[in-house]
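J.: Got a sequence here, can you model it:
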Amino acid sequence: MSRRFDVTGVGYTAIDYLGVIPHFPEENLKLELDRLKVQGGGPTATATVTAARLGLSTAFIGKVGGDYRGAMMLMKLSGEGVDVSSAVLEDGALSQFAFIMVDAETGRRTILWTRGTLAPLRPEELDMKMISSCRGLLVDTLEPAAAAAAAREASAAGAKVVIDAGTLREGVREILPHCHYIVASETFAGQISEGRGERAALEEMMKYGPEAAVVTLGERGCVALSEGGHIEEPGFEVETVDTTGAGDVFHGAFLYAVLREWDIRRCCVFANAVAAMKCRVLGGRTGIPGLAEALEFLGEHAPGLDFI
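T.: The predicted structure follows:
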């Protein structure tokens, strides 16, 4: 089968309004924003942008409203070289967006978000030809019914499927058996393990049959479990400006590494590095590096590993 795209993402996109504040506010307090940035966001959408920056051909399938925010989302993705021809437009609906407060001292963020008035993305709205013809599929947990249908289709067609397991919502367990890599947040890990810790979470995720399970740990890096055993990969120290989107970037970089057929350790180290590099700039997408920049960073900070 000829592969139309290296990576197709099915899931959530948004517009992010990011503001830098001197400290997190107390109740009934007024603070002046130091900086304000407006850009595209969303887990799968930002992951596909990451894959595109790293040199892969990418496409995104998600739902947007017929308002200016929906148009801006698609424009931002297209501007990164991401194909949006199969995105779903819901006329008359208000698009999703997020307001993100970034602490000036630590770079940590608090996200306030809304789905707008969009109906959930339905499996019958998916372009299955685009999904079945990709080399790798990215899905998130915000559109579980569509993600399950897409993962089933892509896996059956021979694509590698990676899930950004952010929250254990209803319907998410139906996605997991079709995923080759379950890459989870600490929140998801706590939910699936019922608070028993990262190792227990990895073991629970491996019961669904993936090649590997991963838990991302922010600045601490990540842990993973595969047939080869358990590994812990520390994060990279950078001057952190904003952690928004770091997990999304990790997923895009991780799938890039999977498609390069690197072992699980190199996949984790590469994704850790690309996610850390993103954090040096305000915005979930602004600081995503290209491949040459990422390899140069790894050459300096992880000289014992081969990424050629």
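
J.: what ranges do the strands span in the stretch 51-200 of the chain?
T.: For the stretch 51-200 of the chain, the strands defined by DSSP state E, counting those that start in this stretch cover 58-61, 63-65, 82-83, 88-90, 97-103, 109-114, 134-140, 160-165, 181-184.

J.: Can I get the ones you listed in TSV including distance to residue 244?
T.: All C-beta spots, glycine's among them, are computed from the backbone N, C-alpha and C. TSV is the format used below for the strands of the stretch 51-200 of the chain (distance: least, C-beta to C-beta, whole Å):
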stretch	distance to residue 244
strand 58-61	19
strand 63-65	20
strand 82-83	19
strand 88-90	25
strand 97-103	5
strand 109-114	5
strand 134-140	16
strand 160-165	15
strand 181-184	18
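
J.: Include mean pLDDT, distance to residue 46 and mean neighbour count when you put the ones you listed into CSV, please.
T.: Formatted as CSV, the strands of the stretch 51-200 of the chain follow (pLDDT from 0 to 100; distance: least, C-beta to C-beta, whole Å; neighbours: other C-beta atoms under 10 Å):
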stretch, mean pLDDT, distance to residue 46, mean neighbour count
strand 58-61, 98, 10, 29
strand 63-65, 96, 15, 24
strand 82-83, 97, 10, 22
strand 88-90, 96, 18, 16
strand 97-103, 83, 12, 20
strand 109-114, 84, 13, 14
strand 134-140, 97, 10, 28
strand 160-165, 98, 10, 28
strand 181-184, 98, 14, 28
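
J.: closest one to residue 14 among those strands?
T.: strand 97-103 (5.3 Å; C-beta to C-beta).

J.: Give me the helices and strands touching that closest one, please.
T.: With contacts defined as 3 or more C-beta pairs under 8 Å, 6 or more residues apart in numbering; DSSP states H and E, strand 97-103 has these neighbours: strand 14-21, strand 109-114.

J.: Quick one: closest of these to residue 47.
T.: With distances scored as C-beta to C-beta, the stretch of those nearest to residue 47 is strand 14-21 (13.0 Å).

J.: by how many degrees do the next helix or strand after that closest one and strand 14-21 diverge?
T.: Downstream of strand 14-21, the first helix or strand assigned by DSSP states H and E is strand 35-41. Interaxial angle of strand 35-41 relative to strand 14-21 (axes from the mean of the first three to the mean of the last three C-alpha atoms, to 10 degrees): 160 degrees.

J.: May I see the buried residues of strand 35-41?
T.: Buried residues in strand 35-41, defined by neighbour count with 16 or more other C-beta atoms under 10 Å: 37, 39-41.

J.: what is the mean pLDDT for that strand?
T.: Averaging pLDDT along strand 35-41 gives 85.

J.: one step back: in TSV: the helices and strands packed on strand 97-103, plus distance to residue 227.
T.: Listed next are these as TSV, based on distance: least, C-beta to C-beta, whole Å:
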stretch	distance to residue 227
strand 14-21	36
strand 109-114	36
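
J.: Show me the one of those that comes nearest residue 29.
T.: Closest approach to residue 29 among those (C-beta to C-beta): strand 14-21, 10.3 Å.

J.: Check which helices and strands that closest one sits against.
T.: strand 35-41, helix 68-79, strand 97-103.

J.: what's the longest one packed up against?
T.: What it means is helix 68-79. Judged by 3+ C-beta pairs under 8 Å, 6+ apart, the packing partners of helix 68-79 are strand 14-21, strand 35-41, helix 43-53, strand 63-65.

J.: export the ones you listed to JSON lines and tack on distance to residue 265?
T.: Shown next, in JSON lines, are those (distance: least, C-beta to C-beta, whole Å):
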{"stretch": "strand 14-21", "distance to residue 265": "32"}
{"stretch": "strand 35-41", "distance to residue 265": "29"}
{"stretch": "helix 43-53", "distance to residue 265": "20"}
{"stretch": "strand 63-65", "distance to residue 265": "36"}
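
J.: For residue 247, find the nearest of these.
T.: Among these, the nearest to residue 247 by C-beta to C-beta is helix 43-53 (7.4 Å).

J.: Hmm, residue 136 and residue 161 touching each other?
T.: Yes. With contact defined as C-beta atoms under 8 Å, residue 161 reaches residue 136; the gap is 7.5 Å.

J.: Can I get the buried residues of strand 35-41 in JSON lines including distance to residue 55?
T.: As requested, these are arranged in JSON lines below (distance: C-beta to C-beta, whole Å):
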{"residue": "37", "distance to residue 55": "25"}
{"residue": "39", "distance to residue 55": "21"}
{"residue": "40", "distance to residue 55": "19"}
{"residue": "41", "distance to residue 55": "22"}
